[in-house]
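Undergrad: coords please:
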Amino acid sequence: MEFPDLGKHCSEKTCKQLDFLPLKCDACGEVFCKDHFAYNQHKCSCAYQKDVQVPVCPLCNTPIPVKKGEVPDAVVSAHMDRDCKRDSAQQKQKIFTNKCFQPGCKKREMMKLVCDQCQGNFCLKHRHPLDHACKGQARAISKAGQRDHCLVQ
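TA: Next up, the predicted model:
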């Protein structure tokens with residue numbers, strides 16, 4: 001051995017490998033090889049101080065506190081069963097709020113589709129003036145045939 005002081009031995013009891021690029025755990029301060037550097041690989045007793053993750057409920061986007069030793073999936077599942085503030089039917093109604101003005105049509109859209117002639121709100125099927133028997137001011141359906149007042153003759 002030409003360089004006996006170069007490198008350090010892995011602190012994992014079952015490894016003790018001589019590593020020339022050892023990694024120091026930021027939680028416990030021990031030195032480990034690349035195979036035992038992760039908190040769970042060397043069973044770090046101080047990991048709870050650094051490896052803190054807060055799960056978020058996928059339904060209401062609320063952070064769910066998890067106590068030490070609890071399984072995050074179980075805690076989130078319990079929250080969804082008991083405390084979750086989201087009602088899926090209510091959320092669906094909130095998204096589709098724009099009711100069609102066409103008599104007899106019960107369709108709702110996510111965004112307003114306002115007729116530029118009568119100012120009524122309609123669904124995709126009834127959005128054009130000819131499709132909802134528009135009673136707005138009679139104008140040309142297309143502006144292609146109109147003369148531009150800005151043009152000099």
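Undergrad: quick one: low-confidence parts of this structure?
TA: Along the chain, segments meeting pLDDT under 70 span 1-4, 51, 87-94, 137-153.
Undergrad: give me the contacts around the longest helix anywhere in the chain.
TA: Assignment by DSSP state H gives helix 72-82 as the longest helix of the chain. Residues outside helix 72-82 that contact it (CB atoms under 8 Å, 6 or more residues apart in numbering) are 53, 55, 57-59, 62, 64-66. C-betas here are computed from N, CA, C, even on glycine.
Undergrad: pull the most distant pair out of the residues you listed.
TA: Distance extremes for the contacts of helix 72-82: the farthest pair is Gln53 and Leu59 at 18.7 Å, using CB to CB.
Undergrad: ok, how many other residues are close to Asp73?
TA: Asp73: 10 surrounding residues under other CB atoms under 10 Å.
Undergrad: how near is it to Asp83?
TA: 16 Å (CB to CB, to the nearest Å).
Undergrad: then Cys25?
TA: 36 Å.
Undergrad: again, but for Pro129
TA: Taking CB to CB, one finds Pro129 at 49 Å from Asp83.
Undergrad: repeat for Leu18
TA: Distance from Leu18 to Asp83, by CB to CB: 52 Å.
Undergrad: where exactly do the strands run in this structure?
TA: 8-9, 18-19, 23-24, 31-32, 98-99, 108-109 (DSSP state E).
Undergrad: which elements pack onto the second one?
TA: Contact here means 3 or more CB pairs under 8 Å, 6 or more residues apart in numbering; DSSP states H and E; on that basis strand 18-19 packs against strand 8-9.
Undergrad: just checking, what packs against the strand it packs on?
TA: Secondary elements touching strand 8-9 (3+ CB pairs under 8 Å, 6+ apart): strand 18-19.
Undergrad: do you know how far Asp81 is from Cys57?
TA: 11 Å.
Undergrad: what about these two, which has more around it?
TA: Cys57 (18 against 8).
Undergrad: residue contacts, the more buried one?
TA: Neighbours of Cys57 in contact, by CB under 8 Å, 6+ apart: 63-64, 76, 79-80, 84.
Undergrad: are any of the residues you listed buried, and if so which?
TA: The neighbour count (16 or more other CB atoms under 10 Å) marks 64, 76, 79, 84 as buried among those.
Undergrad: just send the residues you listed back as JSON lines, with distance to Cys105 too.
TA: Shown next, in JSON lines, are the buried ones among the contacts of Cys57 (distance: CB to CB, whole Å):
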{"residue": "Ile64", "distance to Cys105": "42"}
{"residue": "Val76", "distance to Cys105": "41"}
{"residue": "His79", "distance to Cys105": "40"}
{"residue": "Cys84", "distance to Cys105": "34"}
